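Q: fold the following, please.
(one chain, ligands or ions: 1)
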Amino acid sequence: MAQTASARRTSLHGHWSSRLAFILAVSGSAVGLGNIWRFPYVAGTNGGGAFVLVYLLCVAIVGLPLMMSEILMGRRGRRNPVATMQLLGEEEGSTPNWKLVGAGGVVAAFLILSFYSVIAGWAVAYIWAGASGVFTGADAQRVGDIFADLTGSWSRTALWHTAFMAGTIIVVARGVERGLEQAVRVLMPALLGLLIMLLGYSMVAGDFARGLAFMFEPKLADLSSDGVLAALGQAFFSLSVGMGAVMAYGAYLPEEASITRTSVAVVLADTSIALLSGLVIFPIVFANGLDPAAGPGLVFQSLPLAFGQMPGGSVVATIFFLLLTFAAWTSGISLLEPPVAYFMESRGLTRTAAASLVGGIIWVLGFLSVFSFNILSNVIFLKGTFFDNLDFLTSSILLPLGGFAIVVFAGWVMCENSTSDELDPEAGQAYRMWRFSARYIAPIAVILIFLNAIGVLSPVLQALGLTD
Ligand code: TRP
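A: Numbers count the residues shown, from 1 in each chain. As a prediction, the model looks like this:
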């Protein structure tokens with residue numbers, strides 16, 4: 001039977017020093033390129049308003065209960081996600097095979113970090129570009145050329161990808177608690193402050209009305225079933241849920257911390273930063289005649305225009321890309337930690353060995369994404385380049401599948417005693433809402449979105465006479 005208190009189990013990797021340290025670590029994981037690079041680009045390619053609406057719904061009804069589930073499972077199991085799922089599966093009288101969900105998450109972490117590091121490398125490159133003053137007075141054409149020069153050169157992209165991976169490996173090798181806390185505490189507010197300042201610029205110099213309308217006037221006809229799936233995927237990607245990253249961090253969470261309040265705080269912070277970033281970027285896009293559907297380069301082709309026009313723009317650009325790099329770094333660390341914890345616990349490797357091994361494999365995999373923008377840019381299959389396919393496979397397939405399994409596990413496999421024990425401090429209303437979401441709302445939403453994406457839903461609705 002399930003044990004009644006998990007207090008006896010302790011993590012093998014130490015614990016966060018406080019609830020605040022944990023909030024900072026999870027926010028550091030959540031806030032990253034997903035908010036500033038991916039959200040605007042995916043919202044832009046999917047038509048704007050309707051996508052944003054579905055994204056917000058997915059965050060609230062699937063993302064939040066899933067984040068709570070990951071944290072409570074992580075804290076209860078106190079192991080890497082694979083071992084935690086196996087342990088809890090047995091303990092709850094189900095099967096140890098739930099470890100396969102954890103294993104899927106480890107695979108997803110390899111794939112996501114492999115391209116994440118390449119995009120983070122672009123941000124690193126833009127620190128120097130900003131400082132060198134190349135953006136000063138540049139028009140859209142010139143800014144586009146600067147971006148194309150960077151991504152077109154596999155050696156330059158590979159260099160910055162290598163630097164980013166090295167930095168990520170070093171932090172994980174030293175143990176994630178050390179250093180992360182201070183960094184997030186200072187840098188995240190700084191990033192927020194800078195975004196608010198840029199919002200001021202966009203309001204004055206951008207086409208703010210059009211940007212606002214693009215983001216918040218839902219034109220449902222513009223949204224394809226793929227777009228709905230992409231919104232779900234973006235919600236998961238941005239919140240870092242669906243593969244066990246938050247579960248791995250939850251394993252180091254002190255017993256007394258409130259999981260509900262922590263999750264709400266992280267979800268609000270992450271979503272605000274994504275929306276803010278869209279509100280900065282789209283007005284600049286429209287004021288300069290750029291295409292909101294330009295794709296993965298959108299942020300790198302729009303923000304530099306603003307930096308080039310504002311007084312002191314080189315300094316602002318440098319600081320902005322520096323902060324973006326840090327935000328990406330704290331996210332990259334959270335992607336590397338679960339596989340590293342897994343290899344340490346299951347293979348008996350030291351932290352340094354595991355971080356180097358896993359990081360090294362991811363670094364090599366990253367070359368597929370590096371080449372996607374230059375020598376292999378003509379290799380197009382399924383969803384596009386290697387990068388496009390990796391991005392789609394992970395965000396739109398692996399994370400939703402993993403998230404579905406996790407939320408079903410927490411809602412249906414874990415008995416009420418176990419989950420209410422973990423969510424104890426906020427038992428009552430909040431607990432019942434979480435459990436209802438985890439059992440019904442979140443799983444059903446994911447199933448419907450998948451059925452919709454494979455084209456099964458609309459014929460059914462038509463047959464039932466619900467749509468025409
Ligand atoms: N959420 C991060 C971002 O928005 C990326 C990230 C970190 C992530 N850890 C993750 C995405 C785990 C999915 C799963 O940039």
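Q: what residues are up against the residue of the stretch 51-200 of the chain found nearest the ligand?
A: Residue nearest to the ligand within the stretch 51-200 of the chain: Ile112 (5.5 Å; CB to the nearest ligand atom). Every residue, glycine included, has its C-beta placed from N, CA and C. Under the criterion of CB atoms under 8 Å, 6 or more residues apart in numbering, the neighbours of Ile112 are Phe237, Met243, Leu335, Thr394.
Q: ok, Glu416 - contacts?
A: By CB under 8 Å, 6+ apart, the contact set of Glu416 is Arg435.
Q: so how far is stretch 180-193 off the chain centroid?
A: Between the centre of stretch 180-193 and the centre of its chain there are 17 Å (CA atoms, centre = their mean, to the nearest Å).
Q: take it, keep the C-alpha atoms, and write them as CSV.
A: Below are the C-alpha coordinates for stretch 180-193, written out as CSV (Å, rounded to 0.1, in the frame of the first residue of the first chain):
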residue,chain,number,x,y,z
LEU,A,180,21.4,28.9,-9.7
GLU,A,181,19.5,30.6,-6.9
GLN,A,182,21.5,33.8,-6.9
ALA,A,183,21.6,34.1,-10.6
VAL,A,184,17.8,33.7,-11.1
ARG,A,185,17.0,36.0,-8.2
VAL,A,186,18.9,38.9,-9.8
LEU,A,187,18.6,38.2,-13.5
MET,A,188,15.0,37.4,-13.9
PRO,A,189,13.7,40.7,-12.4
ALA,A,190,16.3,42.4,-14.6
LEU,A,191,14.9,40.7,-17.7
LEU,A,192,11.4,41.6,-16.7
GLY,A,193,12.4,45.2,-16.2
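Q: any part of it near the ligand?
A: No. Residues of stretch 180-193 are not located near the ligand by CB under 6 Å from any ligand atom, the shortest gap being 12.1 Å.
Q: run through who's touching that stretch.
A: Contacts for stretch 180-193 (CB under 8 Å, 6+ apart): 16-17, 21, 24-25, 27-28, 31, 171, 269, 273, 276, 319, 323-324, 326-327, 330, 333.
Q: if we go to 7 Å?
A: With contact meaning CB atoms under 7 Å, 6 or more residues apart in numbering, stretch 180-193 is reached by Ala21, Leu24, Ala25, Ser27, Gly28, Val31, Ile273, Leu323, Phe326, Ala327, Thr330, Ile333.
Q: list the buried residues in it.
A: Neighbour-count burial for stretch 180-193, with 16 or more other CB atoms under 10 Å as criterion, is recorded at Leu180, Glu181, Ala183, Val184, Leu187, Met188, Leu191, Leu192.
Q: what's the answer for stretch 408-427, then?
A: The neighbour-count check on stretch 408-427 (16+ other CB under 10 Å) flags 408-411, 413-414, 418-423, 426 as buried.
Q: so which one among those residues has the lowest pLDDT?
A: Ranked by pLDDT, the buried residues of stretch 408-427 bottom out at Glu426, which has 59.
Q: confidence score at Arg185?
A: 84.
Q: same check, this time on Ser11
A: 86.
Q: pretty sure it is touching Tyr249, no?
A: No. Using CB atoms under 7 Å, Ser11 is not in contact with Tyr249, being 10.3 Å away.
Q: so for those two, which sits in the more crowded spot?
A: Tyr249 (24 against 19; other CB atoms under 10 Å).
Q: could you look up the SS state of that one?
A: helix (DSSP: H, G, I helix; E, B strand; the rest coil).
Q: that one and Trp363, how far apart?
A: 23 Å (CB to CB, to the nearest Å).
Q: just Ile397 next, same as before
A: Counting by CB to CB, the gap from Ile397 to Trp363 is 24 Å.
Q: between those two, who's got more neighbours?
A: Using other CB under 10 Å as the criterion, Ile397 and Trp363 rank with Trp363 on top: 21 against 15.
Q: next, the contact list for the more buried one, please.
A: Per CB under 7 Å, 6+ apart, neighbours of Trp363: Thr162, Met165.
Q: so, low pLDDT: which residues of the protein?
A: 1-8, 179, 424-427, 468 (pLDDT under 70).
Q: point me to the residue of it nearest the ligand.
A: Residue nearest to the ligand within the chain: Gly34 (2.0 Å; CB to the nearest ligand atom).
Q: so how many other residues sit close to that residue?
A: Neighbour tally, Gly34, other CB under 10 Å: 28.
Q: tell me who's in contact with the nearest residue to it once chain neighbours are set aside.
A: Leaving aside its sequence neighbours, Gly34 sits nearest to Ser238 (CB to CB, 6 or more residues apart in numbering; 4.1 Å). Residues in contact with Ser238 (CB under 7 Å, 6+ apart) are Ala30, Gly34, Asn35, Phe39, Asp270, Ala274.
Q: also Ser437?
A: Ile61, Pro65.
Q: nearest residue to Gly411 other than its sequence neighbours?
A: Ala438 is the one closest to Gly411 (CB to CB, 6+ apart), at 3.3 Å.
Q: now swap in Leu220 and tell me
A: Once flanking residues are discounted, Leu220 sits nearest to Ala50: 5.1 Å by CB to CB, 6+ apart.
Q: His161 contacts Ile119, doesn't it?
A: No. The pair His161 / Ile119 is not scored as a contact, 8.9 Å apart, by CB under 7 Å.
Q: who's more crowded, these two?
A: A direct count of neighbours by other CB under 10 Å for His161 and Ile119 places His161 higher, at 27 against 24.
Q: name the element that one belongs to?
A: Assigned by DSSP states H and E, His161 falls within helix 154-174.
Q: now whichever helix or strand comes after that helix against helix 154-174, angle please.
A: Going down the chain from helix 154-174, the next helix or strand is helix 177-205, by DSSP H and E. Between helix 177-205 and helix 154-174, the angle comes out at 130 degrees (axes from the mean of the first three to the mean of the last three CA atoms, to 10 degrees).
Q: what are the ranges of the helices in the stretch 301-450 of the chain?
A: 313-347, 351-372, 386-392, 399-408, 416-422, 429-436, 442-453 (DSSP state H, counting those that start in this stretch).
Q: want to throw those helices into CSV with distance to Ala293?
A: Below are the helices of the stretch 301-450 of the chain laid out as CSV (distance: least, CB to CB, whole Å):
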stretch, distance to Ala293
helix 313-347, 22
helix 351-372, 18
helix 386-392, 14
helix 399-408, 23
helix 416-422, 42
helix 429-436, 37
helix 442-453, 19
